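> following is a predicted model, sequence given first.
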Amino acid sequence: MDRFRELSAFVAVVDSGSFVAAAETLHLSKAAVSRAVSDLEARLGARLIQRTTRRLSLTEAGRAYHGRCRQILAELAEADGAVGTVTGQTMGLLRVNAPVSFGILHLAPLWGEFLAQHPAIELDLTLSDRRVDLVEEGFDLAIRVTRPQDSTLVHRQLATTRIVLCASPAYLAEHGAPRSPAELARHAIVGYSYAQDGDVWRFAGPEGAVDVATRPRVRVNNGETCRAIALAGGGITRQPDFLVGEDLAQGRLVEVLPGLASPPVGIHAVFPSRQHLSVKVRSLVDFLAARFARPSWGTGISPRI
């Protein structure tokens, strides 16, 4: 087992949290990954990972070594990318993070086409609604549905989405539709845990911005689950039209308080630096920008109350 595979196995185990997940990421057997880490520890003469039946944890030596290994692997990937920059070839491993719902609904159908266009690219895709640290966690690119906050990152807007306040017809028939923002206080609210503005919902009214403090009956860290609860009559939720647009068009959900629009939110490709941007990252950003130039959501006519 060469040193590169030892380092790759060690970093994969730490980053994924298990030998099984690391084996899937590296396309190796669990035994091969375990052997690589054991060989690395034997060569160094130090325990890097404490193993129990329930969890893994880094030793002090492991924490220090992990940071250096991540840096080494990143520099190797950058070196590969530099070759691609000189030759004009799109090649190498591309680690991408995206939100769960958007990743499943709108990105998943595109990956086959992108890979067909760039056969030397290897994709490592992670879907998570948690805001990841691109540099610390080693991602080349992230897709974020939000207003940019981190000035240290570079972003390119791919599209926009309208945030819609909505509920099922059954819920509104039973509880009535709110006629003003203040009436939201008496309604069951299905909140999204990772919302940029938290439980304070901001709307653009005829007389300016309106902030409404909500008290969610349910708070969920996944938009699809918020949608499902709303569809089942569980309350009023606030979701992007890329997720609920079809439900609105078909009448499964109804927009409420349409006179109070939420500010549009950008869908961005985010990456650590424009300087020395690799060919592989630039190729993916350009590909996604072209595919989302005319997004499929937001074109239907939705019932409103």
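Sure, I can see it. Numbers count the residues shown, from 1 in each chain.
> Gly191 - how many residues pack around it?
Gly191 is flanked by 21 other residues according to other C-beta atoms under 10 Å. All C-beta atoms are positioned from the backbone trio N, CA, C, and that covers glycine.
> contacting residues for it?
199, 214, 216, 218-220, 226, 237-238 (C-beta atoms under 8 Å, 6 or more residues apart in numbering).
> if you rank the residues you listed by neighbours, which is first?
Going by other C-beta under 10 Å, Thr237 tops these with 29 neighbours.
> sheet-wise, list the partners of the helix or strand encompassing that residue with their directions.
If you go by DSSP states H and E, Thr237 is part of strand 236-240. When pairs are called by DSSP bridges, strand 236-240 turns out to pair with strand 163-167 (antiparallel), strand 189-192 (parallel).
> tell me which of the ones you listed is the most buried.
Stretch with highest mean neighbour count among these: strand 163-167 (a mean of 25; mean count of other C-beta atoms under 10 Å).
> restricting to C-alpha, output that strand in PDB.
The C-alpha coordinates for strand 163-167 follow below in PDB (Å, rounded to 0.1, in the frame of the first residue of the first chain):
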ATOM      1  CA  ILE A 163     -39.900  32.100  -1.600                       C
ATOM      2  CA  VAL A 164     -43.600  31.200  -1.300                       C
ATOM      3  CA  LEU A 165     -45.800  31.200   1.800                       C
ATOM      4  CA  CYS A 166     -48.200  28.300   1.300                       C
ATOM      5  CA  ALA A 167     -50.500  25.700   2.900                       C
END
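> count the residues that sit near Asn221.
A total of 14 residues lie near Asn221 under the criterion other C-beta under 10 Å.
> just list whatever residues bridge to Ser57.
Gln50.
> count of neighbours near it?
Using other C-beta under 10 Å, Ser57 has 11 other residues around it.
> the strands paired with strand 236-240: which one's closest to Leu243?
Proximity of those to Leu243 was assessed by C-beta to C-beta; the nearest stretch is strand 163-167, lying at 9.0 Å.
> name the residues that touch the closest one?
Strand 163-167 is contacted from outside by 177, 201, 230, 235-241, 244, 247-248, 253-257, 260, 262-265, 302, using C-beta under 8 Å, 6+ apart.
> what average pLDDT does that strand get?
Across strand 163-167, the average pLDDT comes to 93.
> and stretch 290-298, by the same measure?
Throughout stretch 290-298, pLDDT has a mean value of 88.
> okay, that stretch in PDB with CA atoms only?
The C-alpha trace of stretch 290-298 is given here as PDB (Å, rounded to 0.1, in the frame of the first residue of the first chain):
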ATOM      1  CA  ALA A 290     -26.100  27.400 -19.100                       C
ATOM      2  CA  ARG A 291     -28.600  24.800 -17.800                       C
ATOM      3  CA  PHE A 292     -30.200  27.200 -15.400                       C
ATOM      4  CA  ALA A 293     -30.400  30.200 -17.700                       C
ATOM      5  CA  ARG A 294     -34.100  29.300 -18.100                       C
ATOM      6  CA  PRO A 295     -35.000  27.500 -15.000                       C
ATOM      7  CA  SER A 296     -37.900  25.000 -15.100                       C
ATOM      8  CA  TRP A 297     -39.600  26.400 -11.900                       C
ATOM      9  CA  GLY A 298     -41.700  29.400 -11.400                       C
END
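> now do the buried residues in that stretch.
291-292, 295, 297-298 (16 or more other C-beta atoms under 10 Å).
> TSV for these, including secondary structure and distance to Phe19?
Output for those, formatted as TSV (DSSP: H, G, I helix; E, B strand; the rest coil; distance: C-beta to C-beta, whole Å):
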residue	secondary structure	distance to Phe19
Arg291	helix	36
Phe292	coil	37
Pro295	coil	40
Trp297	coil	40
Gly298	coil	44
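> tell me the one of those nearest Ser8?
Ser8 lies nearest to Arg291 out of these, by C-beta to C-beta, at 31.3 Å.
> which residues touch that closest one?
Leu110.
> give me the number of residues near His155?
His155 has 17 neighbours, counted by other C-beta under 10 Å.
> specify the beta-bridge partners of it.
When assigned by DSSP bridges, His155 has beta-bridge partners Val270.
> now swap in Arg219 and tell me
On the basis of DSSP bridges, Arg219 is bridged to Gly191.
> doesn't Ala108 belong to a strand?
No: membership of Ala108 in a strand is not supported by DSSP: H, G, I helix; E, B strand; the rest coil, which gives helix.
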